[in-house]
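S.K.: Fold the following.
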Amino acid sequence: MRKPRVTGSFWLTPGGITWGSFLLNVVLMNSKIVVGLLAHSQALVADGVHSASDFITDIAVLTGLRISRKPADGTHHYGHLRVNTLAALFVSGSLLGAAGLILYNAILSLHDHIHGQHIKAVQADIPFLLALCSVPLKEGMFRLTRYVGRKTANLSVIANAWHDRADAFASLAAATGLGGVVLGGDRWQFLDALTAIVLGAFVLVVALRIAAFAANELIDRAPGAATLATIEKALSETAGVRSFHAFRARELGGKVEMDVHVQVDPTLTVAAGHDIAREVRRRVVQADNRVVQVIVHVEPADGDASH
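M.R.: As a prediction, this is how the structure comes out:
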């Protein structure tokens with residue numbers, strides 16, 4: 001994958017913020033796993049595995065962003081925007097896997113603690129500090145990534161932001177448990193497991209929400225009521241449009257595609273009708289920048305509305 005040229009504004013683009021997340025996750029993944037293994041910290045190793053899942057989804061999102069920008073071609077007449085939807089599904093699947101890993105390890109650790117089974121002594125000081133420092137880093141990345149995702153209406157970037165939030169909470173769980181070990185010794189190790197169970201459930205809910213959003217795009221769900229109202233207002237206020245019908249819209253890769261039949265003065269020339277259709281497109285895109293395609297069918301106002 002070719003690394004893009006970096007500029008000041010690059011980091012606030014979908015590709016730029018994902019590259020930033022990618023580089024951060026490389027550092028956190030390696031440091032957590034190595035330190036966790038050396039310190040016998042199961043919590044930190046699990047946290048590092050979760051950062052590794054972030055690393056994998058960053059690659060998926062970067063690939064999706066690159067492919068989705070390609071124009072329509074002979075085999076993809078409607079472009080490649082659905083690649084973003086597939087990337088979001090991949091992120092969701094990765095989150096589900098991470099949630100399962102967190103829950104499994106936490107339940108197993110809690111079981112061992114309850115039954116008094118031998119657990120390796122954890123050298124918790126450095127793992128605790130590393131997990132604690134990871135929390136603000138990942139939370140900051142979550143907020144920046146979500147901002148860019150919302151600004152650009154990119155579903156896969158928004159999904160990746162929630163993956164960063166999930167990693168921040170996983171690090172918080174590890175820090176809480178390791179902090180308990182630092183303060184109270186082995187008898188407080190159960191705090192790690194209990195916190196991880198709660199946060200694992202949180203990750204699971206987030207993953208299911210992202211999967212639901214992506215699935216709705218795959219079945220051509222209409223945009224929300226506010227978006228539809230904004231588009232309809234732009235249509236009704238366009239000069240020359242007497243009325244409109246057969247208005248349809250769908251979400252696609254975080255963007256919106258739509259088509260509509262507009263009725264105009266039947267005495268207008270074809271050129272005048274074309275100008276009205278062009279103005280409809282301009283006003284709709286101006287009203288909502290998520291709209292990337294507007295197909296307008298022009299009809300005479302007293303014509304048969306079924307055509």
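
S.K.: Please count neighbours and contacts with C-alpha atoms only from this point.
M.R.: Noted.

S.K.: Grab the most central residue of the protein for me.
M.R.: The residue lying closest to the centre of the chain (C-alpha atoms, centre = their mean) is residue 159, at 1.5 Å.

S.K.: just the helices in the stretch 1-150 of the chain please.
M.R.: With DSSP state H, counting those that start in this stretch, the ranges of helices along the stretch 1-150 of the chain come out as 14-38, 42-68, 82-114, 125-152.

S.K.: Run a quick neighbour tally on the residue nearest to residue 58 when sequence neighbours are not counted.
M.R.: Closest residue to residue 58 apart from its sequence neighbours, by C-alpha to C-alpha, 6 or more residues apart in numbering: residue 22 at 5.6 Å. Residues lying near residue 22 (other C-alpha atoms under 10 Å) number 20.

S.K.: Need the pLDDT of residue 22.
M.R.: Predicted confidence (pLDDT) for residue 22: 87.

S.K.: residues contacting it?
M.R.: Counting by C-alpha atoms under 8 Å, 6 or more residues apart in numbering, residue 22 touches 54, 55, 58, 59.

S.K.: just the helices of the stretch 1-150 of the chain: most buried one?
M.R.: helix 42-68 (a mean of 23; mean count of other C-alpha atoms under 10 Å).

S.K.: and the angle from that one to helix 14-38?
M.R.: Going by axes from the mean of the first three to the mean of the last three C-alpha atoms, to 10 degrees, helix 42-68 is angled at 160 degrees with respect to helix 14-38.

S.K.: Regarding the closest residue to residue 238 other than its chain neighbours, which helix or strand does it belong to?
M.R.: Nearest non-adjacent residue to residue 238, counting by C-alpha to C-alpha, 6+ apart: residue 280, 6.2 Å away. Following DSSP states H and E, one finds residue 280 within helix 270-287.

S.K.: Can you tell me what sits against that helix?
M.R.: By C-alpha under 8 Å, 6+ apart, helix 270-287 touches 230-231, 234-235, 238-241, 264, 291-292, 294-298.

S.K.: Residue 86 is in contact with the residue nearest to the centre of the chain, correct?
M.R.: No - counting by C-alpha atoms under 8 Å, residue 159 stays clear of residue 86, with 11.2 Å between them.

S.K.: And the helix holding residue 280, what's buried?
M.R.: Within helix 270-287, the residues scored as buried using 16 or more other C-alpha atoms under 10 Å are 273, 276, 277, 279, 280, 281, 283, 284, 285, 287.

S.K.: Include pLDDT and distance to residue 107 when you put these into TSV, please.
M.R.: Formatted as TSV, the buried residues of helix 270-287 follow (pLDDT from 0 to 100; distance: C-alpha to C-alpha, whole Å):
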residue	pLDDT	distance to residue 107
273	93	67
276	95	64
277	95	61
279	95	60
280	95	58
281	94	55
283	94	56
284	94	52
285	92	51
287	91	51
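
S.K.: Find the pair from these with maximum spatial separation.
M.R.: Using C-alpha to C-alpha, the two most remote members of these are 273 and 287, lying 21.1 Å apart.

S.K.: centre of the chain versus the helix or strand of the chain with the lowest mean pLDDT, how much separation?
M.R.: The weakest-scoring helix or strand in the chain, judged by mean pLDDT, DSSP states H and E, is helix 42-68 (a mean of 74). In terms of C-alpha atoms, centre = their mean, to the nearest Å, the centre of helix 42-68 is set 12 Å apart from its chain centre.
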